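Undergrad: Provided below for reference: sequence and predicted model.
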Amino acid sequence: MPREMKLPTLVVKALTDSGYDLLSTAEDGWFLAGISGTPIRVAVRASGQGVLLAGPEPNAMARIGLIPAAQQLPRGMASAGLAADAAQLYDVLRVLHSLQTHPASVLSAKVEARLAAIPATDRTNEVRQRIGQDVYREALLELWGGRCALSGSDLPLSLLRASHTKPWSLADNNERLDPFNGLLLAVHYDALFDQGLITFDDGGHLLLSSSLSQEARQVLHLDDSASLRFILPGHIEYLRFHRNNVAKL
C-alpha cells in the first residue's frame, strides 16, 4: 500500500483496541473497518483537525458527541463526525462499538427470538416486557462497562438495573430499546430515579427532589455535586423528558 494511503498507527491501534478490524481502503482517503463476523462497518479518515468517522446511520455521529462534518461520504455511509484527539477517538469508538452491536433493531430481533422459544399461550405483555428489559439490560451493561452510571462502583451485576429514562409505559417500541434511553444504575439509584426522586440535568449533574429529607440524603449517600460518568447528546432528549414528566423536584 502506498505510504500516503496508510492510517496513522494510533488510529489503527484505537480501532483494534475498540474491537474493529481494518478491512480495506474505500475512496478519497477513507478506510473501512468492521467487527468480525458481522456486517457492521465504519469508515475512518485522518485529517489535519483529527480523525473523521463515518457510519451508516443518519445522525449517529452527532448522537455520540462528535462535531458533524460536511464531507463527501464513502458509499454506504450516512453521517460523519470529527474526533479532535486520541482520547476522544478512543471514547467514541468504544461507545460506537456498543451502539452498533446493540442497535434497537438488533435488540428487538433478540426479544422476538426469545419470545419464539416460549409457548404462544405464555407470550403475555408482561412476559414480553420482562424479556425486553433483560435484553435491554445486556446492552446497557456493555455501554456502561458493567459499572453504575452515577457512582462508577464495581457492584455485583445483580445489583445493577437498566433504568429507563422515558418510562417503558410511555415509550414507543424504538424508544424502549434505544440504548440512549437508559442508565445503568445501582438498585437504590434505580428506585429513586424510577420514582422521580432523583434526575439529571443536560450535563448529567444529579438533581434531588425537595421531598428527600437531609437524613434520607445522608442515608442514601446522595451528593448533589455528583454527576453521571458520561453524557452524550443522544441522552439529552430523554433526560429532559424525565425532568419534565417524571421528576418530582
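TA: Cool, got the structure. Numbers count the residues shown, from 1 in each chain.

Undergrad: you'd agree residue 16 is in a helix?
TA: Yes. Assigned with DSSP: H, G, I helix; E, B strand; the rest coil, residue 16 falls within a helix.

Undergrad: OK, contacts around it?
TA: residue 22 (Cβ atoms under 8 Å, 6 or more residues apart in numbering). C-betas here are computed from N, CA, C, even on glycine.

Undergrad: against residue 221, how distant is it?
TA: Separation of residue 16 from residue 221 (Cβ to Cβ, to the nearest Å): 39 Å.

Undergrad: next one: residue 195
TA: 17 Å.

Undergrad: and if you look at residue 17?
TA: For residue 17, the distance to residue 221 (Cβ to Cβ) stands at 34 Å.

Undergrad: how about the helix or strand encompassing residue 190: buried residues?
TA: Element membership for residue 190, per DSSP states H and E: helix 187-194. Using 16 or more other Cβ atoms under 10 Å as the burial criterion, the residues of helix 187-194 that qualify are 188-190, 192-193.

Undergrad: what of stretch 61-76?
TA: With burial defined by 16+ other Cβ under 10 Å, the residues of stretch 61-76 counted as buried are 61-66, 69, 71, 73-74.

Undergrad: got those as a markdown table, with pLDDT, distance to residue 143 and secondary structure columns?
TA: A markdown table is the format used below for the buried residues of stretch 61-76 (pLDDT from 0 to 100; distance: Cβ to Cβ, whole Å; DSSP: H, G, I helix; E, B strand; the rest coil):
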| residue | pLDDT | distance to residue 143 | secondary structure |
| --- | --- | --- | --- |
| 61 | 89 | 17 | helix |
| 62 | 88 | 17 | helix |
| 63 | 90 | 13 | helix |
| 64 | 90 | 11 | coil |
| 65 | 88 | 13 | coil |
| 66 | 91 | 17 | coil |
| 69 | 83 | 24 | coil |
| 71 | 76 | 27 | coil |
| 73 | 85 | 25 | coil |
| 74 | 84 | 26 | coil |
